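A.B. asks: Mind folding the following:
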Amino acid sequence: MRLKNIFLITIVALFSAQFSTAQEGLPIYSDYLSDNLYLIHPSMAGAANCAKLRITGRQQWFGDDNAPKLITASINGRVGDSQSGIGAIVYSDKNGYHSQTGAYFTYGYHLMFSRSETDLNQLSFGLSAGAIQYKLDETSFLADGFDPIIAGIEQSATNFNVDLGFSYFLYNFYAHATVKNLLKNDGINFNEQGLSYDNLRTYLLSVGNTFSKYGSDWSFEPSAMFMYRDATEEASFDINLKAYKTVDFGKIWGGLSYRRSLDGAEFVDGSGVSSQKLQYITPILGVEVNNFVFAYTYSYQANSVVFNNGGFHQLTLGYNFNCGKARYSCNCPAVN
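C.D. replies: All right, here's what the predicted structure looks like:
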């Protein structure tokens, strides 16, 4: 009981310190690897054996003013013994003078193809609908006087959008596909030429598999994710490896993620011009104790030219509840 009280106090403190009111819906980092796939794939709403509550807080570049900050809260679970699942996400993302807050509500539906629940063979669908409020704070832009193109106020716009996705599980294998921001979105979004655009559509594809020896306390999960942004034609991929160990008090895990952009950026290097592609290296540590989940990720940007040598810290707090018995004889940590 004391552990539960400490957990709730920590959540309240985190929200009080961070929740405030960049511009593309919920950002996609490596937090999904902290037992939080629902954060990016709506089809995971209610797919697991337990209902899941997750809180994440992310801080970039400690010590720098107006550094990016993100906080999310999500919850999802199965509706009784039915094939339906529901979920909700709220978040606040701030990056310099730009900020956004949003809320999504999700309905998921899960189809079993096996004749019993012993063997996992499931196709899941998910649809999230949400509202996002974008803000641009121009109140400090006119320190030197009048500018006809700067209003000097806090501009805001609110838009509605939807995410659509599906997941397929077969024994220890899984695949997820999601389209985020399916509708046009006339927020305060700008491309590199400063022109407004309304296409925030992003495509995600994830695949993975878990491996373990019979009777072993260890299991290993290689996975990959591909991401493509429609408007800017940017693409990137993640390659991940996680290891799990079952212990007396629950489960511990660790892993490593590598993200690389497929699009380069040029910069002046002495007398010549060089190019580099964005790449992150992210170690992951996590533990599950009596249905409480604690995880930490640290992302290091491994590029020649960076804004700051400091990394990106992210903490995940979670709680699993309304758990049923393990339904499947498989190593499937996202479901069992």
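A.B. asks: next structured bit after the helix or strand of the chain with the lowest mean pLDDT?
C.D. replies: Each helix and strand of the chain was given a mean pLDDT (mean pLDDT, DSSP states H and E); the minimum falls on helix 2-18 at a mean of 37. Next helix or strand after helix 2-18 toward the C-terminus (DSSP states H and E): strand 51-60.
A.B. asks: other SSEs contacting that next one?
C.D. replies: Applying 3 or more CB pairs under 8 Å, 6 or more residues apart in numbering; DSSP states H and E, we find strand 51-60 packed against helix 2-18, strand 69-78, strand 312-321. Just so you know, the C-beta spots here come from the backbone N, C-alpha and C atoms, and that holds for glycine as well.
A.B. asks: That one pairs with which strands?
C.D. replies: Strand 51-60 has its sheet partners listed here by DSSP bridges as strand 69-78 (antiparallel), strand 312-321 (antiparallel).
A.B. asks: Quick one: distance of it to the chain centre.
C.D. replies: 9 Å (CA atoms, centre = their mean, to the nearest Å).
A.B. asks: now do stretch 319-336
C.D. replies: 21 Å.
A.B. asks: Confirm for me that Y109 is in contact with F125.
C.D. replies: Yes: using CB atoms under 8 Å, Y109 is in contact with F125, at 5.0 Å.
A.B. asks: Report the buried residues of stretch 173-185.
C.D. replies: By neighbour count with 16 or more other CB atoms under 10 Å, stretch 173-185 contains the buried residues 174, 176-178, 180-182, 185.
A.B. asks: What of stretch 123-133?
C.D. replies: 124-130, 132.
A.B. asks: Now flag whichever of those is closest to T210.
C.D. replies: S124 (17.4 Å; CB to CB).
A.B. asks: That closest one and A177 touch, don't they?
C.D. replies: No: counting by CB under 8 Å, S124 does not reach A177; the two are 11.0 Å apart.
A.B. asks: okay, and the common contacts of the two?
C.D. replies: Counting by CB atoms under 8 Å, 6 or more residues apart in numbering, the residues touching both S124 and A177 are 166-167.
A.B. asks: what separates the closest residue to L136 other than its chain neighbours from D137, distance-wise?
C.D. replies: In this structure, L136 finds its nearest non-sequential neighbour in Q155, 4.6 Å apart by CB to CB, 6 or more residues apart in numbering. Taking CB to CB, to the nearest Å as the measure, Q155 falls 8 Å from D137.
A.B. asks: and those two? which has more neighbours close in?
C.D. replies: Looking at Q155 and D137 with other CB atoms under 10 Å, you find the greater number of neighbours at D137, namely 16 against 11.
A.B. asks: quick one: pLDDT of that one?
C.D. replies: At D137, the model reports a pLDDT of 74.
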